[in-house]
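Asker: sequence? don't have it. structure:
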């Protein structure tokens, strides 16, 4: 060729799959995010078709126990949206490999050099791992590459993290921390300037949020003065003392966490 620059697209290589999750505070997709229990989390998986005879393509997605699949997917090749039942089938039951769902592409719908985007969501549930290694979502692609042998891509993973923090109410006596029982607190965050108060279950794990202060959960310190609030997104919170222990003054300002 007399052209000084050319692009060669390989048609005999192996397809790839890459999974990302959306961080709600920034809107960016990456390998990790933080979320509350009860929050919806968005995922995006990209399949790059680079083999010459794309056949038998099946996307396998496995969600950990702390994530509940919301039941629908959107599949696109570039800007074109594929049709469920015609171009692919979403399967969520009777799967023998332990995955949560499969997207089974109809042979002939995918061509070499197609870039396929699959988007879907899940809800962080009460089984979510708090801290630690997070809550993984794993994706892989199986395919036949025009042969009778099924092949698989390496897995691609994202991690959704959920957090907790501990509270200790105490006073200083003779230069030592002495715990205080009977202090009552509410926890809130500000969303567009509006206070959203947390509601928790019997184990102080987040279940929802409310703008109604009367409906908010109240945390009361026991004899050891301590309690834990878990199931939280990475965010800025305010711990407000609504009633002080007998004989003490209530905190004048909320504690910023």
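Answerer: Okay, I see it. Predicted, not measured: the structure shown is a model, and the values here were computed from it.
Asker: only C-alpha atoms for contact and neighbour calcs from this point on.
Answerer: OK.
Asker: now for residue 205: which residues touch it?
Answerer: 126, 229, 230, 231 (C-alpha atoms under 8 Å, 6 or more residues apart in numbering).
Asker: closest to residue 62 out of those?
Answerer: Nearest to residue 62 among the contacts of residue 205: residue 126, at 17.8 Å, using C-alpha to C-alpha.
Asker: max pairwise distance over the contacts of residue 205: which two?
Answerer: Applying C-alpha to C-alpha across the contacts of residue 205, the maximum distance is between 126 and 229, 13.2 Å.
Asker: re earlier: just the buried residues out of the contacts of residue 205, in PyMOL syntax.
Answerer: Selection of buried members from those for PyMOL, criterion 16 or more other C-alpha atoms under 10 Å:
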select buried, resi 126+229+230+231
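Asker: what about the contacts of residue 205, which are in strands?
Answerer: Among the contacts of residue 205, the ones falling in strands (DSSP state E) are 229, 230, 231.
Asker: pick out whichever of these sits closest to residue 182.
Answerer: Nearest member of the ones in strands among the contacts of residue 205 to residue 182, counting by C-alpha to C-alpha, is residue 229, at 16.8 Å.
Asker: which strand residues bridge the closest one?
Answerer: Judged by DSSP bridges, the bridge partners of residue 229 are residue 165.
Asker: isn't it right next to residue 201, touching?
Answerer: No - if you go by C-alpha atoms under 8 Å, residue 229 and residue 201 don't touch, sitting 10.1 Å apart.
Asker: switch the ones in strands among the contacts of residue 205 over to a markdown table; also include distance to residue 157.
Answerer: Listed next are the ones in strands among the contacts of residue 205 as a markdown table, based on distance: C-alpha to C-alpha, whole Å:
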| residue | distance to residue 157 |
| --- | --- |
| 229 | 28 |
| 230 | 24 |
| 231 | 21 |
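Asker: with respect to residue 114, which of these is nearest?
Answerer: For those, the residue nearest residue 114 by C-alpha to C-alpha is residue 231; the value is 39.5 Å.
Asker: give me the pLDDT value at that closest one.
Answerer: For residue 231, the model assigns a pLDDT of 97.
Asker: cool, residue 9 as well?
Answerer: For residue 9, the pLDDT comes out at 63.
Asker: got it, and the one 10 residues further on?
Answerer: Residue 19 is assigned a pLDDT of 97 by the prediction.
Asker: count the neighbours of it for me.
Answerer: 24 (other C-alpha atoms under 10 Å).
Asker: tell me the contacts of it?
Answerer: By C-alpha under 8 Å, 6+ apart, the contact set of residue 19 is 31, 43, 44, 45, 46, 138, 139, 156, 157, 158.
Asker: which of the residues you listed has the most neighbours?
Answerer: The residue in the contacts of residue 19 with the most neighbours, by other C-alpha under 10 Å, is residue 139 (24 neighbours).
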